[in-house]
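> missing the sequence, but the structure's below:
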């Protein structure tokens, strides 16, 4: 049984990839997600952008507030964190087994990757486009 899963996120839906990788991490596998900037988010671009802008404004200039990053791999990791009980031991351990990258690192270049593509819907937005507008 493989202890490491490499997911090529190019053309995949954000929530589906996050749910799959959260479950695999809870099962004890190390999950590496590559090409995070090519992930798609369903919905109209302006509504998706507005959602993430509201999340970022909640933090304000406060030291304590929620820190929502602009980087696509950090947005992906935070989405996965929302699907885990990250404040408890099991969820925290699972969260530490997840790695997200915008490109494919050298150690994953020739390894077998899982494709998470779905049929295209009419309203899709790339995570990279959303992160640029934040």
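Looks like it arrived, so ask away. All figures in this text were calculated on a predicted structure; none of them were measured in a lab. Numbering: from 1, shown residues only.
> Not counting sequence-adjacent ones, nearest residue to residue 22?
Distances taken as C-beta to C-beta, 6 or more residues apart in numbering place residue 83 nearest to residue 22, at 4.1 Å, with adjacent residues excluded. To be clear about C-beta, it is placed using only N, CA and C from the backbone, and glycine gets the same treatment.
> now the helices for this structure?
14-26, 45-59, 72-81, 89-96, 127-132 (DSSP state H).
> low pLDDT regions in the protein?
For the chain, applying pLDDT under 70 flags the ranges 1, 59-62, 65, 119-121.
> Swap in 80 and give it another go.
Applying pLDDT under 80 to the chain flags residues 1-2, 58-68, 116-122, 134.
> thinking again about what came up before, right, so of the helices of the chain, which gets closest to residue 111?
Proximity to residue 111 (C-beta to C-beta) singles out helix 14-26 among these, at 15.4 Å.
> Wait, residue 5 touches residue 31, no?
Yes. Residue 5 is in contact with residue 31 according to C-beta atoms under 8 Å; the separation is 5.2 Å.
> For the two, indicate the residue with more neighbours.
Just comparing residue 5 and residue 31: by other C-beta atoms under 10 Å the higher neighbour count belongs to residue 31, 23 against 20.
> Surely that one and residue 101 touch.
No. In this structure, residue 31 is not within contact of residue 101 by C-beta under 8 Å, at 11.5 Å.
> so can I have CSV of the helices of the chain showing mean neighbour count?
Shown next, in CSV, are the helices of the chain (neighbours: other C-beta atoms under 10 Å):
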stretch, mean neighbour count
helix 14-26, 20
helix 45-59, 14
helix 72-81, 20
helix 89-96, 15
helix 127-132, 18
